[in-house]
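[1] Provided below for reference: sequence and predicted model.
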Amino acid sequence: MKTTTKILGVGSYIPERIISNDDALAMLENASRAYLESADLKTLTAKAAAKMEKAGSVTRHWCEEDQYSTDIARLASEKALNDAGVDAADIDLIIYTGMSKAFVEPATAHVLRHEIGARNANVIDTQDACTSFMKSMDLADSMIRTGKAETVLVAAGERTFDWADFTCKTVDELAWKFGALTIGDAAGAMVLGRTSEPVYAGNPYHMRSFHKLADGQYGTCHIGLNHKFGERYRLHSHSSRLVRAGLGLVMQLVSEVLQQPEFAGFQYDTLFVHDIGKIIETTVLPFLREAGVHVPETYRSYFPDLGNIASTSLPVALDSAIREGRIQRGNLAVYVCPAAGVQAGVLLFVY
């Protein structure tokens, strides 16, 4: 009998501390004051405010100082396990896929394994910018289909404000520091398991993923560690270049997928996008419509409230859609993800 992967449970967590645009601008001004004359400082904050308005940023949520990536990942994981009706002892593998990690070495998943009591689980960390979660779902799906694992927990906890660099020594540096003004903290988790149910095993689109990468553009957005460029543990991202490159790849990838014969007349129920601001609604959604892809009325943008929540965008958006009744069991969903690298990913799955 054909088997495949089913999303058994979903959980998410959003920290309570809310950072407004004014809060972020005050941090930018305070960090840059020592390097800029009064006139330049006013120019810097005015440009930053205008860019946030254009992006659609309103608020973002940050962890408390003593609340770490593993803390929020645990909360999301516990919700996912409860939603799935699965005991932690029955997890075979934990994939921690957040960009925000407890350690360089060993795997952060060790902490999660201990804290949720998943004593029978193997662990591994994966990471590749905002596509991390969907690539980890790919990995989990392969292991489940081949019998290497029965039940897998994929989790991410993004405490991103640690990377934020608000210090601009010149007004021009804002081009590389603006990303720090819109990042938000969040956690998401999914429990994936094996199934032979026809709604999943019989759907040729279920758990299908597609990727397109631009070679040599990793310098456009990165968090330095041990390489010839990049300040260690600081977000260094040229937002406008990243957005242009990432969205360009998304459009190329979607066009290539839709040209395949098997996608003639393709229909789906729910759309999720790694949300990076108003540009999704002004560029990506119109492109999809022009390409003949229906954009469901159930699509919601979370960016104004949460900001850029990195690798957690899919589980957070899916959890919200489930709770609000915007997706039902058996619905086919499409997830579109532009990301640093620079790259684009598309994931199809039946919920």
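    That came through fine.
[2] for the helix or strand hosting L139, packing partners?
    When secondary structure is defined using DSSP states H and E, the element that contains L139 is helix 132-145. Applying 3 or more CB pairs under 8 Å, 6 or more residues apart in numbering; DSSP states H and E, one finds that helix 132-145 makes contact with strand 4-13, strand 93-96, strand 151-158, strand 186-195, strand 208-213, helix 313-323, strand 343-350. (C-beta placed from N, C-alpha, C; glycine too.)
[3] let me see the mean pLDDT of the second one.
    Looking back up the chat, that one is strand 93-96. Predicted confidence along strand 93-96 averages 98 (mean pLDDT).
[4] ok, back up a step: quick one, which of the helices and strands packed on helix 132-145 is packed in tightest?
    By mean neighbour count, with neighbours taken as mean count of other CB atoms under 10 Å, strand 151-158 ranks first of these at a mean of 30.
[5] restricting to C-alpha, output that one in PDB.
    As requested, C-alpha coordinates have been extracted for strand 151-158 and formatted as PDB (Å, rounded to 0.1, in the frame of the first residue of the first chain):
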ATOM      1  CA  THR A 151       6.800  10.300  13.400                       C
ATOM      2  CA  VAL A 152       8.900  13.400  13.100                       C
ATOM      3  CA  LEU A 153       8.700  16.800  14.900                       C
ATOM      4  CA  VAL A 154       9.900  19.800  12.900                       C
ATOM      5  CA  ALA A 155      10.300  22.900  15.000                       C
ATOM      6  CA  ALA A 156      11.800  26.400  14.900                       C
ATOM      7  CA  GLY A 157      12.100  29.200  17.400                       C
ATOM      8  CA  GLU A 158      13.300  32.500  16.000                       C
END
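[6] avg pLDDT for it?
    Mean predicted confidence for strand 151-158 is 98.
[7] can you check stretch 112-119 too?
    Taken as a whole, stretch 112-119 has a mean pLDDT of 97.
[8] got the buried residues for stretch 108-121?
    In terms of neighbour count (16 or more other CB atoms under 10 Å), stretch 108-121 has its buried residues at 108-113, 115-116, 118, 121.
[9] which of these fall within helices?
    109-113, 115-116 (DSSP state H).
[10] from those residues, which two are the most distant?
    Of all pairs drawn from these, the greatest distance, 11.6 Å, lies between H110 and I116 (CB to CB).
[11] show me which of the buried residues of stretch 108-121 is closest to K79.
    For these, the closest approach to K79 (CB to CB) belongs to I116, at 11.0 Å.
[12] quick check: the closest one touching L75?
    No - if you go by CB atoms under 8 Å, I116 and L75 don't touch, sitting 10.0 Å apart.
[13] distance to V284 added to the ones in helices among the buried residues of stretch 108-121, as CSV?
    CSV is the format used below for those (distance: CB to CB, whole Å):
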residue, distance to V284
A109, 32
H110, 37
V111, 36
L112, 33
R113, 37
E115, 37
I116, 36
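[14] go ahead and confirm G292 touches V254.
    No - the pair G292 / V254 is not scored as a contact, 10.6 Å apart, by CB under 8 Å.
[15] which of these two has more neighbours?
    Applying other CB atoms under 10 Å to G292 and V254 shows that V254 carries more neighbours, namely 22 against 9.
[16] host element of the more buried one?
    When secondary structure is defined using DSSP H and E, the element that contains V254 is helix 239-258.
[17] next, the angle from that helix to strand 208-213.
    Going by axes from the mean of the first three to the mean of the last three CA atoms, to 10 degrees, helix 239-258 is angled at 130 degrees with respect to strand 208-213.
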